[in-house]
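Student: need a 3D model of the following:
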Amino acid sequence: MSLLPETSRRIDEIAARAQSDGRVPSIALAVVRDRAVLHFAGAGERPRPDPKTQYRLGSITKTITAALVMQLRDEGFLALDDRLQRHLPGTPVGDVTLRQLLGHVSGLQREPDGPWWERVAGGTVDELLAGLTHDKLHGPAARRFRYSNLGYGLLGAVLERITGLGWAELAGKRVLDPLGMKRTTYAPVEPYARGYVVGSGLHEEPRPDTGAMAPAGQLWSTVTDMAKWAAVLTDPAPAVLSRETVDEMCSPVAISDLETWTEGHGLGPQLFRAGERVYAGHGGSMPGYVSHLAVHRRSRLGVIVFANAYGLDGTSIKRVSLTALTAVLDGEPAPVEPWRPPAEPTGEAAEIQGRWWWMGREYTVTPDDGALLMTGPNHRTRFVPKGPDRWRGVSGYNEGEVLRIERSADGTVARLDIATFLFSRDSRHLA
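Tutor: Numbering: from 1, shown residues only. Predicted coordinates:
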């Protein structure tokens, strides 16, 4: 797949305008889908960007930290509602949960104490934990959103205590290596963009090892590598995360913009509303760098933007990213999936396919690759088998509910019971 010429021109214009009006040395912008870069737009000359130029990810790193937490949850090493003290005994902020830390609703302050961690060499996990005091909690947990870099440093400490591995080694073994992200590294590897503060001239910023705070913003990457990570959010790689887990991560935990409801946070990813669409991803900044990743999960399209300055004049890297992704979605025709004849249903699926009625309204059950789709007025649910005469809703209106097959004395299907709502083959049925 490639973009239409007019869409490509629009993306080139967005990148060029952002670099020029934003007064940044360079911008790298990529439209991605299915692990590949569909279109790359580079602007600026310091350096002249290409798809293999590294930039610093900043807080996009947090999505990888969140993925590591969810992997260990799925493997039974932890529960999201574990209190921090279970894994970090003796910590004075031990009553907050891992779920609250992931979603930034723990009440923790934004930064650890001491010098600004983004511009100095970081300490060890033990040093980070030694600096914790009760007054790091600046509000009641789970009541409102409060972004916390410190919280992700603590999640990194939990990962280290559970696995016995440092965060960088864990990220490499469990995420970067399985996805083939060879140009995503802990420290910069040439070619990489130097980062600047732009004033009357360019002031090059330091690139420290942030130590125990690395899980909050350390990594470096390229748009080519980040296309692979974007694909995990849209079409998960089972070796890294299941689709159900990514769906859970991309479900809102908190609305971070209570005035307009345009931004929220899941279990790691940020959520952005642009018109009638919701995008998942994350922004990032470190001294000398800003970054943004946004994906439209249903279409599997995404945008990655990097700039090597600490902010853009007159706009933001988030606005550039969301504008570009919206332009692609508005300009490109939706892909048409080829029709394939379904496999002939067997067993219970064959017995209950067809038309059903509830309260005079018609519903249709259709077998679909081992699952069942029930559609009706403003209603669509996908069910998967959970045992004899039992199916569980995994998406749609009845997600989480159980469909039970009720049978007559002769064993034939009589009714469907979904959360006490009874469906009948008889259109006059009103129960």
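Student: where does Ala343 sit: helix, strand or coil?
Tutor: coil (DSSP: H, G, I helix; E, B strand; the rest coil).
Student: in contact with it, which residues?
Tutor: Contacts for Ala343 (CB atoms under 8 Å, 6 or more residues apart in numbering) come out as Pro367, Asp369. All C-beta spots, glycine's among them, are computed from the backbone N, C-alpha and C.
Student: what distance do you get for it to Gln353?
Tutor: 12 Å (CB to CB, to the nearest Å).
Student: overlap of the contact sets of the two?
Tutor: Residues touching both Ala343 and Gln353 (CB under 8 Å, 6+ apart): Pro367.
Student: remind me which helix or strand Thr381 belongs to.
Tutor: Under the criterion of DSSP states H and E, Thr381 resides in strand 379-387.
Student: burial measure for Thr262, as a count.
Tutor: 15 (other CB atoms under 10 Å).
Student: swap in His292?
Tutor: By other CB under 10 Å, neighbour count at His292 equals 29.
Student: any idea how far it is from Pro25?
Tutor: Taken as CB to CB, the span from His292 to Pro25 is 17 Å.
Student: distance from the strand holding Thr381 to the middle of the chain?
Tutor: Relative to the chain's own centre, strand 379-387 is displaced by 25 Å; criterion: CA atoms, centre = their mean, to the nearest Å.
Student: wait, Arg35 sits on Ala231?
Tutor: Yes: counting by CB atoms under 8 Å, Arg35 touches Ala231, with 4.4 Å between them.
Student: so who does the residue most central in space within the chain touch?
Tutor: The residue lying closest to the centre of the chain (CA atoms, centre = their mean) is Pro269, at 3.8 Å. Applying CB under 8 Å, 6+ apart to Pro269 gives the contacts Thr63, Ala66, Leu233, Met249, Cys250, Ala280, Gly281, His282.
Student: please repeat the previous calculation with a cut-off of 7 Å.
Tutor: Pro269 sits next to Thr63, Leu233, Met249, Cys250, Ala280, Gly281, His282 when contact means CB atoms under 7 Å, 6 or more residues apart in numbering.
Student: quick one: pLDDT of it?
Tutor: On pLDDT, Pro269 comes in at 98.
Student: nearest residue to it in space, please, no chain neighbours.
Tutor: Ala280 (4.6 Å; CB to CB, 6 or more residues apart in numbering).
Student: for the host helix or strand of the one you found, which strands pair with it and how are they oriented?
Tutor: Taking DSSP H and E as the criterion, Ala280 maps to strand 277-286. Here strand 277-286 is paired, per DSSP bridges, with strand 270-274 (antiparallel), strand 289-296 (antiparallel).
Student: can these go into CSV with extra columns for distance to Pro338?
Tutor: Formatted as CSV, the strands paired with strand 277-286 follow (distance: least, CB to CB, whole Å):
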stretch, distance to Pro338
strand 270-274, 30
strand 289-296, 21
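Student: any idea which of the ones you listed is most buried?
Tutor: When the strands paired with strand 277-286 are scored by mean count of other CB atoms under 10 Å, the highest mean neighbour count falls to strand 289-296 (a mean of 27).
Student: list the contacts of it.
Tutor: Applying CB under 7 Å, 6+ apart, the set of residues contacting strand 289-296 is 55-58, 60, 195, 226, 230, 233-234, 272, 277, 279-284, 301-308, 310-311, 317-318, 321-322, 325, 329.
Student: next: stretch 112-130.
Tutor: Contacts for stretch 112-130 (CB under 7 Å, 6+ apart): 88, 91, 111, 131, 150, 153, 157, 160, 206, 208-214, 217, 286-287.
Student: turn the buried ones among those residues into a named PyMOL selection, would you?
Tutor: In PyMOL syntax, the buried subset of the contacts of stretch 112-130 is picked out as below (16 or more other CB atoms under 10 Å):
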select buried, resi 88+91+111+150+153+157+160+208+210+211+212+213+214+217+286+287
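Student: what about Arg48, how many neighbours?
Tutor: A count of nearby residues for Arg48, using other CB under 10 Å, gives 12.
Student: then Gly360?
Tutor: Neighbours of Gly360 (other CB under 10 Å): 9.
Student: and it, what's its pLDDT?
Tutor: At Gly360, pLDDT is 90.
Student: equivalent analysis for Pro252, please.
Tutor: 94.
Student: distance check, it against Pro236.
Tutor: 19 Å.
Student: how about low-confidence regions in the stretch 1-150 of the chain?
Tutor: 139-143 (pLDDT under 70).
Student: could you redo the last one with a cut-off of 90?
Tutor: Counting by pLDDT under 90, the ranges of the stretch 1-150 of the chain that qualify are 1-2, 109, 111-123, 129-144.
Student: before we move on, back to that, and the contacts of strand 289-296, which of them are in strands?
Tutor: 55-56, 272, 277, 279-284, 301-307 (DSSP state E).
Student: quickly find the element holding the nearest residue to Ala327 once chain neighbours are set aside.
Tutor: The shortest distance from Ala327 to any non-neighbouring residue, by CB to CB, 6+ apart, is to Arg10 (5.0 Å). Using DSSP H and E, Arg10 sits in helix 5-22.
Student: ok, residues contacting the following helix or strand past that helix?
Tutor: Per DSSP H and E, the first helix or strand lying C-terminal to helix 5-22 is strand 26-33. Surrounding strand 26-33, the residues in contact under the criterion CB under 7 Å, 6+ apart are 1, 3, 11, 14-15, 18-19, 37-47, 49, 51, 53, 55, 193, 223, 227, 230, 300-308, 324, 328.
Student: neighbouring strands for strand 26-33, and are they parallel or not?
Tutor: In the sheet, strand 26-33 lines up against strand 36-44 (antiparallel), strand 301-307 (antiparallel) (DSSP bridges).
Student: which of the ones you listed sits closest to Gly172?
Tutor: strand 301-307 (20.4 Å; CB to CB).
Student: returning to what we had before: can I get the helix holding Arg10 as PDB, trimmed to CA atoms?
Tutor: Taking C-alpha atoms only, helix 5-22 is exported to PDB below (Å, rounded to 0.1, in the frame of the first residue of the first chain):
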ATOM      1  CA  PRO A   5      -0.200  11.500  -4.500                       C
ATOM      2  CA  GLU A   6      -2.400  14.200  -3.000                       C
ATOM      3  CA  THR A   7      -2.100  12.700   0.500                       C
ATOM      4  CA  SER A   8       1.600  12.400   0.200                       C
ATOM      5  CA  ARG A   9       1.900  16.100  -0.800                       C
ATOM      6  CA  ARG A  10      -0.300  17.000   2.200                       C
ATOM      7  CA  ILE A  11       2.000  15.100   4.600                       C
ATOM      8  CA  ASP A  12       5.100  16.700   3.100                       C
ATOM      9  CA  GLU A  13       3.500  20.100   3.600                       C
ATOM     10  CA  ILE A  14       2.600  19.400   7.200                       C
ATOM     11  CA  ALA A  15       6.200  18.300   7.900                       C
ATOM     12  CA  ALA A  16       7.800  21.200   6.100                       C
ATOM     13  CA  ARG A  17       5.500  23.800   7.800                       C
ATOM     14  CA  ALA A  18       6.100  22.300  11.200                       C
ATOM     15  CA  GLN A  19       9.900  22.500  10.800                       C
ATOM     16  CA  SER A  20       9.800  26.000   9.300                       C
ATOM     17  CA  ASP A  21       7.100  27.700  11.500                       C
ATOM     18  CA  GLY A  22       8.200  25.700  14.600                       C
END
